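Q: need the 3D shape of this:
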Amino acid sequence: TRFIFIRSFLLFCYSVIFGLSRNGLKRASAIPVEVLEKFQTLKPHIMHIAPQQVQGKVKSIAQYGNHKKDNQISGYGNGISITLADTDTVTDNQVKMKKTSAYSNLGIYAEDSRGSIIKRNQVSGTANTGIYMKDSSYAAGSKQKNLISGNTVASPGGDGIYLQSVNATSTAEKNTSKSTTGSGIRVKSGKNISVLNNSCSSNKEHGVKIEYAQGGIRVKSNRLVSNGKSGILLWKSKATEVSGNTVAKNKGNGIYGYGSVISAMKSNAFSGNGKTQAVYMKGCKGWTNIERPSCKKITAQSTSVTG
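A: This is a model prediction of the structure:
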């Protein structure tokens, strides 16, 4: 029995490490020490971690009603990992990781879980994404909503907040994502996701990056300032609404869209962006409606639409 357990555990670690590589994230070269050593998959239960200081990482697998609150986490590997969980809550943690070439660490990692709530956490120093959420077979078709709210992500080695293949209704709101190596908030290959009232500044790539999204995307009332590329990128995506965003001092366009369908784009304010066009749309299909972008100086080139 012990041999089977150890073999199963090693196979699990192997799949996690190489799974990250397949998902476009840098692969870890070693397995960090687990803070929670019990590998339980048979019976869901409720667990609470009291306020404490943790060296290493906190991890839960196949659990119901997980609560991770008021922890101070530092070191190598992933800060908090959640896998195959129901209604898990991660709140008020300080996750300060160490960047090193030996590990590709994530601050908070929710994989294939249902109803994840990630609120008021502070994440910094990760070699990869600050907060990463990905759906697969277990979360497929879930009607439980995900919420990422009130978090601060600073100076990660990848994107600040990254939702990949998330199809359950999800909201990323009131987060601050700054000084990332990637984009402030990134959504890839999902649907029914709202990006609301976030602040994304001084990121190396885009403020908000939406790619290959399948519909139901809302990008509303965000502040996107001083990013290395465009304030908002929409790449081969279907978006319901892009409105009320403040887009300023980005090196690219205010909003750049390629091969996308955007049902409504309105009441966005632009100033001081690097490219001539505040809004640039290329190769878009179907209805793409752009209403009165607000600019400090409006010229014939303030809006450019082709395709």
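
Q: for the rest of this, base every contact and every neighbour count on C-alpha atoms.
A: Fine.

Q: C200 is in what secondary structure piece?
A: Using DSSP states H and E, C200 sits within strand 199-201.

Q: which residues sit against that strand?
A: Residues from elsewhere that reach strand 199-201 (CA atoms under 8 Å, 6 or more residues apart in numbering): 174-179, 184-185, 207-208, 222-227.

Q: what mean pLDDT would you report for it?
A: Averaged over strand 199-201, pLDDT sits at 98.

Q: can you name the element that comes right after it?
A: Using DSSP H and E, the helix or strand that directly follows strand 199-201 along the chain is strand 208-211.

Q: need the CA coordinates for that following strand. PDB is fine.
A: The C-alpha trace of strand 208-211 is given here as PDB (Å, rounded to 0.1, in the frame of the first residue of the first chain):
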ATOM      1  CA  VAL A 208      -5.500  43.700 -20.500                       C
ATOM      2  CA  LYS A 209      -4.900  40.900 -23.000                       C
ATOM      3  CA  ILE A 210      -7.800  38.900 -24.400                       C
ATOM      4  CA  GLU A 211      -7.000  36.200 -26.900                       C
END
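
Q: the helix or strand just after it packs against which elements?
A: Going down the chain from strand 208-211, the next helix or strand is strand 217-220, by DSSP H and E. Secondary-structure packing of strand 217-220 (3 or more CA pairs under 8 Å, 6 or more residues apart in numbering; DSSP states H and E): strand 193-196, strand 238-243.

Q: residues touching whichever helix or strand comes after strand 217-220, excluding its own?
A: Counting by DSSP H and E, the element after strand 217-220 in chain order, helix or strand, is strand 223-225. Defining contact as CA under 8 Å, 6+ apart, one finds that strand 223-225 is touched by 197-202, 207-208, 231-232, 245-250.

Q: list the buried residues for the helix or strand harbouring V153?
A: Assigned by DSSP H and E, V153 falls within strand 152-154. Neighbour counts over strand 152-154 (16 or more other CA atoms under 10 Å) mark 152-154 as buried.

Q: and the next helix-or-strand element following it, which strands flank it?
A: Heading C-terminal from strand 152-154, the first helix or strand you meet, by DSSP H and E, is strand 161-164. Strand pairing for strand 161-164, determined by DSSP bridges: strand 131-134 (parallel), strand 185-188 (parallel).

Q: any chance you could list what contacts the first one?
A: This means strand 131-134. So strand 131-134 is contacted by 106-112, 123, 153, 160-166 (CA under 8 Å, 6+ apart).

Q: show me what whatever helix or strand comes next after that strand is packed against.
A: Downstream of strand 131-134, the first helix or strand assigned by DSSP H and E is strand 146-149. With contacts taken as 3+ CA pairs under 8 Å, 6+ apart, strand 146-149 sits against strand 117-119, strand 170-173.
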